[in-house]
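> Fold the following.
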Amino acid sequence: MLKRDESRSTVSLFDRTTHPPDRVLLVTVIGLTAFGLVMVYSASFVDAAVFYGNPFYYVLRQAVGSLIGLGALWLMQQIDYRIWQRYSIQLMAIAIILLVGVLLLPASITEVNGSRSWIRFGEGWLGIFSIQPAEFVKLAIIIYFAHWLSRRSQRLGNVAYGLAPFAVILGFICGLIMLQPDLGTTIIILLIGGTIFFAAGANLWHVTGAALLATVAFFALIVTFRSGRWQAFLDPWSRAGAEGYQIIHSLYALGSGGIFGQGIGMSRQKHLWLPQPHTDTIYAIIGEEWGLLGTLAVLVAFLIIAVRGYRIAARAPSPFAALVAVGITSWIVFQAFVNIGVTVALIPFTGLTLPFLSYGNSSLISCLMATGLLLNISRHVDQSSTDNSSSVSTSRIGQAPSHSFGWRHWRSRLSGAGSRPRAR
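Numbering: from 1, shown residues only. Below you'll find the predicted structure:
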């Protein structure tokens, strides 16, 4: 537990450290964003020309979102991460207001494809300023839980003090999102919350039990409310004219790409065969145009983000910083692999975007903002050791000299089936 509440200490708004951010992470994210612009244009120009009379309709909007997002990344990288700890409760309150707002505002400005997930400020170019609140709620939840759990790490083994209130808060947020309904975002938030909870030092049995319950609830929701998607997942060709249509054409795109692909701009499935090729299934277009090598390159990029993000968490200067780094990294990586899993028919369709690559300004800007915060934390990491040094190992993730962090004993927790050592 922190000896002193870091959120109450004097912290300047802009970070004064001279320590450079993680350049590998920064270059990887910027590279994915630039590649995303190329692929959004390649995947969308047919739809844009047919339905809007302008082949650049989507890519111009994505370009604006990229500029805003990169500006937000730079700003978040400059702001001291400890500022967000101070205002975590206010951020959570704003998140709840936004989630309630999309349910109470008129459907004419919130509903898209049967889901009340948006707040639109106008049509045409004004539509650029429309937002999907749930995308920004992810970051607010990470900051709030990081603050909340970092102050309770020594007592998380107590169900009444740890698991129960955490489950109530997380369940309330997920309930608001399911009312939209948005199953994909709900899944990601559950994964983020569970990862942060485990990283904070939760009892392994509690985490395992909660994960099993969440899995059962997920399949119950799929079978009950999205039975067509479940049947399409089991056998896409049995519902080829309905829910299975997108999966089938996604597999066609991936299969026709071969090893080296058809070439940039040469996809056939984007010619009004594959629905939403520039959003949910852009990975299939990457596979068709860039082949197996292109899809593997994207996977490697997200693996790099995972390695660098969790490395930042392992060397973070405080429990709060470590949990924020874990949450942001888990969000981006889990969402990427869920999207890819859907595209290759490994999991049921969820409607999630591929971070940094798919069309969608809310997703792009929120992911770049989160990356900026992660980069700011990387400016504070312990540089006294190298990657291979044992002085900063996974057994000391998130531990600063004056802190006692939950992952300090992660190996003993795994071998002891969730038992926690006594607090020193």
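
> Let's verify the residue nearest the centre of the chain: helix, strand, or coil?
Against the mean C-alpha coordinate of the chain, by Cα atoms, centre = their mean, the closest residue is residue 331 at 2.8 Å. For residue 331, the assignment made with DSSP: H, G, I helix; E, B strand; the rest coil gives helix.

> Tell me the spacing between it and residue 183.
Distance, residue 331 to residue 183, by Cβ to Cβ, to the nearest Å: 17 Å. Glycine gets a C-beta too; all of them are placed from N, C-alpha and C.

> rewinding a little: quick check, the residue nearest to the centre of the chain in contact with residue 192.
Yes: Residue 331 is in contact with residue 192 according to Cβ atoms under 8 Å; the separation is 5.1 Å.

> hey, what's in contact with both of those two?
Common neighbours of residue 331 and residue 192 (criterion: Cβ atoms under 8 Å, 6 or more residues apart in numbering): 138, 142.

> quick one: contacts of stretch 336-353?
182-185, 187-188, 222, 226, 229-230, 232-233, 236, 243, 246-247, 250-251, 254, 279-281, 283-284, 287, 298-299, 302, 335, 354-355, 358-360, 363.

> Repeat the analysis, applying 6 Å as the threshold.
184, 222, 229-230, 233, 247, 250, 280-281, 283-284, 302, 335, 354-355, 360, 363 (Cβ atoms under 6 Å, 6 or more residues apart in numbering).

> From those residues, which land in helices?
Those of the contacts of stretch 336-353 mapping onto helices are 184, 222, 229, 230, 233, 247, 250, 283, 284, 302, 335, 363, per DSSP state H.

> where does the residue nearest to the centre of the chain land on pLDDT?
Residue 331 is assigned a predicted lDDT (pLDDT) of 96.

> Would you mind measuring from it to residue 193?
From residue 331 over to residue 193 the distance is 10 Å, taken as Cβ to Cβ.

> try residue 166
Distance of residue 166 to residue 193, computed by Cβ to Cβ: 8 Å.

> circling back: most neighbours, which of the ones in helices among the contacts of stretch 336-353?
residue 284 (31 neighbours; other Cβ atoms under 10 Å).

> shouldn't that one be in contact with residue 255?
No: applying Cβ atoms under 6 Å as the test, residue 284 and residue 255 come out as separate, 9.7 Å apart.

> Report the residue spans of the stretch 1-150 of the chain with pLDDT below the cut-off.
1-10, 18, 122-129 (pLDDT under 70).

> Show me the strands in the protein, by range?
Ranges of strands in the chain, per DSSP state E, are 111-112, 115-116.

> Let me have those in CSV, extended by distance to residue 162 and mean neighbour count.
Converted to CSV, the strands of the chain look like this (distance: least, Cβ to Cβ, whole Å; neighbours: other Cβ atoms under 10 Å):
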stretch, distance to residue 162, mean neighbour count
strand 111-112, 38, 14
strand 115-116, 33, 18
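
> hmm, back to that, need the overlap of contacts for residue 331 and residue 193.
Counting by Cβ under 6 Å, 6+ apart, nothing touches both residue 331 and residue 193.

> from the chain's centre, how far out does stretch 248-261 sit?
26 Å (Cα atoms, centre = their mean, to the nearest Å).

> Same check on stretch 360-380?
The chain centre lies 10 Å from the centre of stretch 360-380; the measure is Cα atoms, centre = their mean.

> CA-only coordinates of that stretch in PDB, if you can.
Only the C-alpha atoms of stretch 360-380 are listed here, as PDB (Å, rounded to 0.1, in the frame of the first residue of the first chain):
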ATOM      1  CA  GLY A 360     -13.900   5.100 -36.700                       C
ATOM      2  CA  ASN A 361     -12.700   8.300 -35.100                       C
ATOM      3  CA  SER A 362     -13.900   7.500 -31.500                       C
ATOM      4  CA  SER A 363     -11.900   4.300 -31.400                       C
ATOM      5  CA  LEU A 364      -8.900   5.800 -33.000                       C
ATOM      6  CA  ILE A 365      -8.700   8.900 -30.900                       C
ATOM      7  CA  SER A 366      -9.400   7.000 -27.600                       C
ATOM      8  CA  CYS A 367      -6.700   4.500 -28.400                       C
ATOM      9  CA  LEU A 368      -4.200   7.200 -29.300                       C
ATOM     10  CA  MET A 369      -5.000   9.100 -26.100                       C
ATOM     11  CA  ALA A 370      -4.500   5.900 -24.100                       C
ATOM     12  CA  THR A 371      -1.200   5.400 -25.800                       C
ATOM     13  CA  GLY A 372      -0.100   8.900 -24.900                       C
ATOM     14  CA  LEU A 373      -0.800   8.200 -21.200                       C
ATOM     15  CA  LEU A 374       1.100   4.900 -21.500                       C
ATOM     16  CA  LEU A 375       4.100   6.800 -23.000                       C
ATOM     17  CA  ASN A 376       4.000   9.300 -20.200                       C
ATOM     18  CA  ILE A 377       4.300   6.500 -17.700                       C
ATOM     19  CA  SER A 378       7.200   5.100 -19.700                       C
ATOM     20  CA  ARG A 379       9.000   8.400 -19.000                       C
ATOM     21  CA  HIS A 380       9.000   7.600 -15.300                       C
END
